[in-house]
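Asks: here's a sequence, model it:
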Amino acid sequence: MPTTKSTKQQTFKVNGENLLKTVKDLIAKGNVRHITIKDKSGKVLVEFPLTIGVVATALLPVFAAIGALAALIGECTIAVELEK
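Replies: Coordinates of the predicted model:
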């Protein structure tokens, strides 16, 4: 019988200049399954799933998009689905 891993949600409020650093730090922890970035009104700006074994080079386009987004927004919320 296959086992399913449980997950939990966390949210972080950050400003645009700390957005990329926060996302990189979360990914470095290794237990992040899904990241959603929302503006301060709650509108989803970008979301992306992360798979086990994802390597940094595969994330370069994502980091570039987040960097561009960070330059355009002030405050935002990062919603993260973590594996327990």
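
Asks: what mean pLDDT does the helix or strand containing Ala70 have?
Replies: In the assignment (DSSP states H and E), Ala70 maps to helix 60-72. Average pLDDT, helix 60-72: 82.

Asks: over to stretch 14-32?
Replies: 87.

Asks: in it, what's buried?
Replies: For stretch 14-32, burial by neighbour count (16 or more other Cβ atoms under 10 Å) applies to Val14, Leu19, Leu20, Thr22, Val23, Leu26, Ile27, Asn31, Val32. In short, each C-beta sits where N, CA and C put it, glycine included.

Asks: what's the closest non-adjacent residue to the first one?
Replies: Put plainly, it is Val14. In this structure, Val14 finds its nearest non-sequential neighbour in Thr22, 5.0 Å apart by Cβ to Cβ, 6 or more residues apart in numbering.

Asks: now do the SS call for that neighbour.
Replies: Following DSSP: H, G, I helix; E, B strand; the rest coil, the label given to Thr22 is helix.

Asks: tell me the contacts of it?
Replies: Applying Cβ atoms under 8 Å, 6 or more residues apart in numbering, we find Thr22 in contact with Phe12, Val14, Ile78.
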